[in-house]
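J.: Below are the sequence and a predicted model; questions follow.
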There are 2 protein chains.
Amino acid sequence: MTTLSEENYLKTIYHLGQQGTIAVSTNAIAEKIESKASSVTDMVKKLADKNLANYVKYQGVSLTNLGRLTAASVIRKHRLWEVFLVEKLHFSWDEVHDVAEQLEHIKSLKLVNELDAFLGFPTHDPHGDPIPDKNGNYTLSKSINILQMEVGSQGVLVHVKDSSDVFLKYLNKTNLALGDAIKIMDFEPFDGSMIIQTNSNTINISKEVAKNLYLSH
Amino acid sequence: MTTLSEENYLKTIYHLGQQGTIAVSTNAIAEKIESKASSVTDMVKKLADKNLANYVKYQGVSLTNLGRLTAASVIRKHRLWEVFLVEKLHFSWDEVHDVAEQLEHIKSLKLVNELDAFLGFPTHDPHGDPIPDKNGNYTLSKSINILQMEVGSQGVLVHVKDSSDVFLKYLNKTNLALGDAIKIMDFEPFDGSMIIQTNSNTINISKEVAKNLYLSH
DNA sequence: ATATTTTTTTAGGGGTGGCTAAAAATGAGT
DNA sequence: ACTCATTTTTAGCCACCCCTAAAAAAATAT
Ligand SMILES: [Mn+2]
Ligand SMILES: [Mn+2]
Ligand SMILES: [Mn+2]
Ligand SMILES: [Mn+2]
């Protein structure tokens, strides 16, 4: 049985290292999880003892198959709960993350499977992230970052990389939402900013913002 | 902010001591929570430090107003989640308790209030226990224990005192469910057993079972 | 190649929440 | 009132998960 803390580490390693396949440094984990490298070293040893991670001193951490499956299960729960909160309980997409961080650790196979069915087997969460199936598998939709698109081309916003409430509140303020049709009007090489047009208005977005917006092919 | 463990202690003290109003012994708490009296002493000091409990050495523990409110909030969440699991996710009443034990500790005021609304503001959980409102208040329905009823009288099963899965599975097996009309056919003074009749059949129940069945006035 | 900086691990320690065993207080029986 | 059994607390310990500071290894610069 995995603890809450172990599950958070597994998720972090999964996200940092291509589903946990490539080794990540203790420092990188510490930064993401907002702890210290020494704490990470301790935990990573425990994960290795439990056959959840591969750990070689000074050479970083990756996940075992078991670790990967466990991480995917937590991520599956996180994203299903986010859908539940938005679709059924009137949460907006910037309010769900903290609650989902708690709910993702609830242990009940029946609960997650029934929830999945109750929600109509959703494939993506409110931020456009794919929901892994029971085996931890998902097909990544072939969206592309808005910075790679040609001026004059169009697409639909299907994914935001950053799910922090501060970023999502910014998008709310500028009236950008998942599903919006977007046309690239101009790109400024000096600072990487863009001018984009939605159904409702034309706005200027910084490169920082653009990095997080993904449109359907 | 209360921890998961603190919340479980508060709930236990609340249940053992008439909403926490009368002092309960460390031993009683230890037995209910399946820990040891020495562990309870430690925790109870912490609860007193946090102004959640009144504790006088060797004289047991009761709850402060804050402690009572916190306990009621946890119980509210427990029972709302039980309703959710049964009404929306096809759980049966003997499957909900362990999952609700986990879900009751999720911290989000918006979540519990939206859940309440989503469920249509239920007043009772799947075992007939009342759901406290936001202020911790509830009206106890005036059901009576089946052992107090006259032979020949009738009532509707509205509450089961024991919510353990082993007891509920027994009721399932004998085809007894909340809402069933029940007629008392006979009472045996020797062992306190009863013969009762439902719509579907006539059954003999032991005193142990009868103690846990409450019928509407 | 060697020195310096950066990264990572180890050593030692703190808070929480549990335990056992010993000591202290309480309560009952005579 | 005093003894004995029971209840409760205290003392000391452990696992978990985090920390800071020091040591060790690795990476980088000269
Ligand atoms: Mn999230
Ligand atoms: Mn998400
Ligand atoms: Mn319950
Ligand atoms: Mn219940």
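T.: Done, it's in. Ligands and ions are numbered 1, 2, ... in the order given.
J.: Show me which residues of chain A are close to ligand 1?
T.: Residues of chain A found near ligand 1 (CB under 5 Å from the ion) are A:97, A:163. Just so you know, the C-beta spots here come from the backbone N, C-alpha and C atoms, and that holds for glycine as well.
J.: Got the phi and psi for the residue nearest to the spatial centre of chain A?
T.: Nearest to the geometric centre of chain A sits residue A:129, at 5.8 Å (CA atoms, centre = their mean). Taking degrees, to the nearest 10, you get phi -80, psi 140 for the backbone angles of residue A:129.
J.: Identify the residues contacting it.
T.: Going by CB atoms under 8 Å, 6 or more residues apart in numbering or on different chains, residue A:129 touches A:79, A:159, A:163.
J.: can you rerun that using 6 Å?
T.: residue A:79 (CB atoms under 6 Å, 6 or more residues apart in numbering or on different chains).
J.: which residues sit against the helix or strand hosting residue A:204?
T.: Using DSSP states H and E, residue A:204 sits in strand A:202-205. Strand A:202-205 has contacts (CB under 6 Å, 6+ apart) with A:174, A:194, A:195.
J.: For beta bridges, what are the partners of the second one?
T.: Beta bridges link residue A:194 to residue A:187, residue A:205, judged by DSSP bridges.
J.: how near is it to DNA strand C?
T.: 32 Å (CB to the nearest atom of the strand, to the nearest Å).
J.: At which residues are the strands of chain A located?
T.: For chain A, the strands defined by DSSP state E occupy A:53-55, A:61-63, A:144-145, A:154-160, A:181-188, A:193-197, A:202-205, A:213-215.
J.: Please name every helix or strand in contact with the longest one.
T.: Yep, that's strand A:181-188 we're talking about. With contacts defined as 3 or more CB pairs under 6 Å, 6 or more residues apart in numbering or on different chains; DSSP states H and E, the packing partners of strand A:181-188 are strand A:154-160, strand A:193-197.
J.: Report the buried residues of the last one.
T.: Yep, that's strand A:193-197 we're talking about. A:193, A:194, A:196 (16 or more other CB atoms under 10 Å in any protein chain shown).
J.: and that strand, average pLDDT?
T.: Across strand A:193-197, pLDDT averages out at 97.
J.: mind exporting that strand as PDB, just the C-alpha atoms?
T.: This file holds the C-alpha atoms of strand A:193-197, laid out as PDB (Å, rounded to 0.1, in the frame of the first residue of the first chain):
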ATOM      1  CA  SER A 193       4.600  37.700 -28.300                       C
ATOM      2  CA  MET A 194       1.600  37.000 -30.500                       C
ATOM      3  CA  ILE A 195      -1.600  38.600 -31.600                       C
ATOM      4  CA  ILE A 196      -4.400  36.100 -31.700                       C
ATOM      5  CA  GLN A 197      -8.100  36.400 -32.600                       C
END
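J.: and the closest residue to residue A:135 other than its chain neighbours, how many neighbours does it have?
T.: Nearest non-adjacent residue to residue A:135, counting by CB to CB, 6 or more residues apart in numbering or on different chains: residue A:69, 7.6 Å away. Neighbours of residue A:69 under the rule other CB atoms under 10 Å in any protein chain shown: 16.
J.: Was I right to think residue A:69 contacts residue A:136?
T.: Yes - when contacts are counted by CB atoms under 6 Å, residue A:69 is listed as touching residue A:136 (5.0 Å).
J.: okay, and the common contacts of these two?
T.: With CB under 6 Å, 6+ apart, residue A:69 and residue A:136 have no common neighbours.
J.: Name the single longest helix found in chain A.
T.: helix A:65-89 (DSSP state H).
J.: If you compare the directions of it and helix B:65-89, what angle comes out?
T.: 90 degrees (axes from the mean of the first three to the mean of the last three CA atoms, to 10 degrees).
J.: near DNA strand D at all, helix A:65-89?
T.: No - using CB under 7 Å from any atom of the strand, helix A:65-89 never reaches DNA strand D; the gap is at least 13.8 Å.
J.: Okay, the residue sitting furthest away from the middle of chain A and residue A:207: tell me how far apart.
T.: Largest separation from the mean C-alpha position in chain A: residue A:190, at 29.5 Å (CA atoms, centre = their mean). The spacing between residue A:190 and residue A:207, counted by CB to CB, to the nearest Å, is 10 Å.
J.: what does residue A:195 give?
T.: Distance, residue A:195 to residue A:207, by CB to CB: 13 Å.
J.: The single nearest residue of chain A relative to ligand 1: what's it in contact with?
T.: With CB to the ion as the measure, residue A:97 is the residue of chain A nearest to ligand 1, at 3.9 Å. Neighbouring residues of residue A:97 by CB under 6 Å, 6+ apart: residue A:163.
J.: what's the answer for residue A:142, then?
T.: Contacts of residue A:142 by CB under 6 Å, 6+ apart are residue A:217.
J.: Distance of it relative to DNA strand D?
T.: In terms of CB to the nearest atom of the strand, residue A:142 sits 34 Å off from DNA strand D.
J.: Ok, residue A:13 next?
T.: 13 Å.
J.: and if you look at residue A:23?
T.: 11 Å.
J.: circling back to that earlier point, just the strands of chain A: most buried one?
T.: strand A:61-63 (a mean of 25; mean count of other CB atoms under 10 Å in any protein chain shown).
J.: Give me the contacts around that one.
T.: With CB under 6 Å, 6+ apart as the criterion, strand A:61-63 contacts A:13, A:17, A:20, A:23, A:24, A:44, A:53, A:54, A:55.
J.: how far is it from where the chain is centred?
T.: With CA atoms, centre = their mean, to the nearest Å as the basis, strand A:61-63 stands 19 Å off its chain's centre.
J.: do that strand and DNA strand D meet?
T.: No - shown here: strand A:61-63 not in contact with DNA strand D (CB under 7 Å from any atom of the strand), separated by at least 13.8 Å.
J.: Is any residue of that strand near DNA strand C?
T.: No - on the criterion CB under 7 Å from any atom of the strand, strand A:61-63 is out of touch with DNA strand C, staying 7.9 Å away.
J.: for residue A:50, what are its contacts?
T.: Residue A:50 touches nothing, counting by CB under 6 Å, 6+ apart.
J.: measure it to residue B:129 for me?
T.: 38 Å.
J.: and what of residue A:103?
T.: As judged by CB to CB, residue A:103 and residue B:129 stand 23 Å apart.
J.: Likewise for residue A:5?
T.: 33 Å.
J.: what does residue A:151 give?
T.: Counting by CB to CB - residue A:151 and residue B:129 are separated by 63 Å.
J.: thought residue A:91 was touching residue A:85?
T.: Yes - using CB under 6 Å, residue A:91 is in contact with residue A:85, at 3.9 Å.
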